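Colleague: Give me a model of this one.
(2 chains)
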Amino acid sequence: MPGPVRNSFMRHWWAVEAIPIYVVVGAVVAGGSWYLTRLARGPHIIWTKSNPTPWNDVKQDENVKMMAVNQKFEKSWTRDRL
Amino acid sequence: MSDADAVQSKYVLQTAGFDARFPYTNQTRHCFQNYTDYFKCISAKGEDFAPCKQFKRAYNSLCPSEWTFLWDEQRENGTFAASLEP
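Modeller: Numbering: from 1, shown residues only, chains lettered A, B, ... in the order given. Purely as a prediction, here's the structure:
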C-alpha cells in the first residue's frame, strides 16, 4: 500500500463524532449477550442427555427469576453443570 | 349453617404449594413432574406408601383432567412419554 493511502485511511476510520454510536452499540451487544447467556443457563433448558431434568436441581429457597417481587428467597440459583 | 360448618371442618381445602422449580405462570411441567413422580414413587415404594399421596394430590390439583385421563390410557398402553422407573 502506498504511504498516502494508508495515512488517509488511518485518519478517517476513527471519527470522534461516532463515539456515542460505538458506546450504544457496544452496550446493546453486551447486554444482549448477557441476557442470552442468562436464558441459556436457565433451569428449563436441557443441554445434554446426562442432565435431563435441570429444574430438579433448584432448591426450595433458591430464586430463579431475575427479580423477585413479592417473595423472599435465600439465594439465587446458579447452574452448576451443563 | 351448622351443617355447612360441619361439612367444611371435615374437608381441608388446599392446593399444590409453591414449588421453586416452577415459579412461573406456566405450571405444565409442574403437573407433569408430579404425575411422573407419583408413579415412580408407587413403583419404588408400593401403593400404600403414604408420602406418595402428596404427589397424587399435587397432580390432581394442577393437571387438567383431560391430560390425566390421556396419560392414564397411555400408561396402560405402554405409550407414555416419560420413563416411570424409579
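
Colleague: so what's B:Phe39 closest to, chain neighbours aside?
Modeller: Distance criterion CB to CB, 6 or more residues apart in numbering or on different chains; nearest residue to B:Phe39, sequence neighbours excluded, is B:Leu84 at 4.6 Å. Every residue, glycine included, has its C-beta placed from N, CA and C.

Colleague: Can you give me the neighbour number for residue 53?
Modeller: Picking chain A for this. Using other CB atoms under 10 Å in any protein chain shown, A:Thr53 has 14 neighbouring residues.

Colleague: looking at chain B here, not the other one
Modeller: 12.

Colleague: Surely the residue nearest to B:Phe39 touches B:Ser43?
Modeller: Yes - under the criterion of CB atoms under 8 Å, B:Leu84 makes contact with B:Ser43 at 6.2 Å.

Colleague: what's the closest non-adjacent residue to the residue nearest the centre of chain B?
Modeller: For chain B, the residue nearest the mean C-alpha position is B:Tyr59 (2.2 Å; CA atoms, centre = their mean). Of all residues not flanking B:Tyr59 in the chain, B:Asn34 sits nearest, at 3.9 Å (CB to CB, 6+ apart).

Colleague: if we can go back for a sec, sec struct for the residue nearest to B:Phe39, please.
Modeller: Of the three states, B:Leu84 takes coil according to DSSP: H, G, I helix; E, B strand; the rest coil.

Colleague: OK, contacts around it?
Modeller: B:Thr36, B:Phe39, B:Lys40, B:Ser43, B:Arg75 (CB atoms under 8 Å, 6 or more residues apart in numbering or on different chains).

Colleague: okay, it: pLDDT?
Modeller: Here the pLDDT value assigned to B:Leu84 is 86.

Colleague: How about B:Ala6?
Modeller: For B:Ala6, pLDDT reads 58.

Colleague: cool, and the one 5 residues further on?
Modeller: On pLDDT, B:Tyr11 comes in at 84.

Colleague: burial measure for it, as a count.
Modeller: Neighbours around B:Tyr11, by other CB under 10 Å: 7.

Colleague: for B:Pro51, same thing?
Modeller: B:Pro51: 8 neighbours (other CB under 10 Å).

Colleague: so who does it touch?
Modeller: Counted by CB under 8 Å, 6+ apart, B:Pro51 has contacts B:Cys41, B:Lys45.

Colleague: Brilliant, that's me finished.
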